[in-house]
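In: This is a predicted model, with the sequence first.
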Amino acid sequence: MPNLLELKSVRRTFAIKGSSDTVILDNINLTVKEGEFLAILGPSGSGKSTLLRIIAGLIPASSGSVSYLGNEIFGINPGVAIVFQSFALFPWLTVLENVMLGLEKKPLTEKEKKERSMQVLDIVGLDGFENAYPKELSGGMRQRVGIGRALVSEPDILLMDEAFSALDVLTAENLRRDLLELWLDKKIPTKSIILVTHGIEEAVYMADRAVILSTHPATIVKELTIDIPRWRDKKSPAFLSYVDQIYSFMTKRAATPSVQPQPLLSKKDNGLPQVSAGALTGFLELLEDQNQRTDLYKLADKFMMDIEDFFPLVEASSLLGFSRVIEGDIELTPRGIEFAQAPLLERKKIFSEQIMKNVPIVEKMVRILQSKSNKQINIEFFEEMFTRQYGEKMAQKQLNLLIGWERYAELVEYDDVKEVLYLEGTMQSD
C-alpha cells in the first residue's frame, strides 16, 4: 500500500520586498501513513503553516514534490481538508450552510449534501444548532463548525493549523478530547490527521509522531515516535519525558562551523531571537533564583510563559553564553551567574563582552564605526544592508534589536533626530 502522503526534497522560497528570495522551507522529506496522527512543531515563524499549505496544495512548493497515494499533486490536494486557527466561517451563512460548503464541488444533490452535513453536525456535537449563525456561537462551537466543514468531505487526511490555539484553555481541552475520541473510535472516515501546533503538551497528548522543525530556513531536525497508550496522563513520567525530549530538540542550536571572513551580513545570517536586553536580564535573574539546573518544561510552566515567548529567551541566553541547555534542562553558566549577581554597571560591561564575543554582527558594526574618522554613520547604511538580507519588515526588527543590545552594553548610541549611529561618548554637539 502506498503512503497516504509523501514529500520529497520540498523547498519553498518567497520574494520579500527589498530582498532576494528568502528560503522558508528547505529539503523537507516526510511520509504519512494510514492510521497516523502526526504533530508538526517548531519555533514561531519556522514555516509550519507554510508546510501545511503546501501539503493542501494552497501554495506550490518552489521545488521538490508532494504525492498523495503515490501520485504527484499539482494544485489542490484532493485527499485533504484543512481546519484553520481563525475559524474562517462566513458570518452571513448558517452553521449548516457553512458546513455544506465543504461539499460544494462534490457530485451530490442538494438533499444529499444537507443530509451528510446534518450527520457531521451530530458527530461534532452541534445537533440542534444548524440554523444558528456564527455570531451566536461560542469560540469552541465555531471551531466545531470548522472541523465539521472539513470532515464533511470525508478527507483521507485532516490538516489542522493551530486549530485550538484561539480557544480558552478549558474549551480547547474539551475539543481536543472530543476529536481524539472521534478519531480513536473511528467515528470519522479520516485516515490520518496532521496537526501544526506550538503546544508541546498538545502534541504529546494527541499525536503518534512528532516532527520538529528548525527555523531560517525550516528543516526537519527530529522525528519522534510517541509510544504511550491512550488515554494519556499528562502527569505521568512517560508523558513528561516526551515533553522534555521535545523541549530539548526545539532549543538545540545548530553547531556553527568555522568560516572564512565574511561580509557584514552573509546568506547564513538567520537573525537573532527577538528578546530585549531588559527581558533577557529579567530571565537570567529568574534562573539565578532557581539556583540549580532546571527542567525547561517545568520552568516555562512556573513562569506561566507560552513557548512562543519562552524559547526566544532560552535561545538568546544560550547564544550569549549565559546559559546552556542539556537534555531538556537549562542552567546558568558561570558567566551567567556572574551577570545575574552583578550590579548594573558591571552587568553592562559583561553584556558588552558577551555580545562582542558571541554576536559577530555586533563586533562588525562597532569596527565600522571605529574606522570612521568621526566615529558615526547614517543609519541608512545598515538599513539597506539588513533589508537586502532579511526584507524590509524583518530588517527593521533586527536592526532595532541590535541597537537596543548595543546601547544597553554602552557600545553605541543613536540620534533618532539625525538618524545617526555613533560610538558611545563620541558624538559632537553642533
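Out: Great, that's in hand. Since this is a predicted model, take the numbers as computed values, not measurements. Numbers count the residues shown, from 1 in each chain.

In: what about residue 93, neighbour count?
Out: Residue 93 is flanked by 15 other residues according to other CB atoms under 10 Å. All C-beta atoms are positioned from the backbone trio N, CA, C, and that covers glycine.

In: meant to ask about residue 216
Out: 19.

In: helix, strand or coil for residue 64?
Out: Here residue 64 is strand, with the state taken from DSSP: H, G, I helix; E, B strand; the rest coil.

In: Confirm for me that it is in contact with residue 28.
Out: Yes - counting by CB atoms under 8 Å, residue 64 does reach residue 28; the two are 7.1 Å apart.

In: The two - which one has more neighbours?
Out: Between residue 64 and residue 28, counted using other CB under 10 Å, residue 28 has the larger neighbour count: 24 against 17.

In: Quick check: the gap between residue 204 and residue 44.
Out: Taking CB to CB, to the nearest Å as the measure, residue 204 falls 19 Å from residue 44.

In: Looking at the two, which has the bigger crowd around it?
Out: residue 204 (25 against 15).

In: Could you find the closest non-adjacent residue to that one?
Out: residue 242 (4.7 Å; CB to CB, 6 or more residues apart in numbering).

In: And residue 303, by the same measure?
Out: residue 286 (6.6 Å).

In: any idea how far the helix or strand hosting the one you found is from the chain center?
Out: For residue 286, the host element (DSSP states H and E) is helix 277-290. In terms of CA atoms, centre = their mean, to the nearest Å, the centre of helix 277-290 is found 23 Å from the chain centre.

In: Mind giving me the packing neighbours of the next helix or strand after that helix?
Out: Counting by DSSP H and E, the element after helix 277-290 in chain order, helix or strand, is strand 294-295. Packing contacts for strand 294-295, counted by 3 or more CB pairs under 8 Å, 6 or more residues apart in numbering; DSSP states H and E, involve strand 329-332.

In: got the angle for the helix or strand following the strand it packs on vs helix 277-290?
Out: The helix or strand immediately downstream of strand 329-332 is helix 334-341, counting by DSSP H and E. Going by axes from the mean of the first three to the mean of the last three CA atoms, to 10 degrees, helix 334-341 is angled at 100 degrees with respect to helix 277-290.

In: Just the pLDDT at the residue nearest to the spatial centre of the chain, thanks.
Out: Closest to where the C-alpha atoms of the chain average out (CA atoms, centre = their mean) is residue 44, at 2.6 Å. In this model, residue 44 is scored at 75, pLDDT.

In: Hmm, residue 198 and it touching each other?
Out: Yes - between residue 44 and residue 198 a contact is recorded at 6.8 Å, counting by CB under 8 Å.

In: what's the overlap in contacts for these two?
Out: Counting by CB atoms under 8 Å, 6 or more residues apart in numbering, the residues touching both residue 44 and residue 198 are residue 308.

In: Understood, closing this out.
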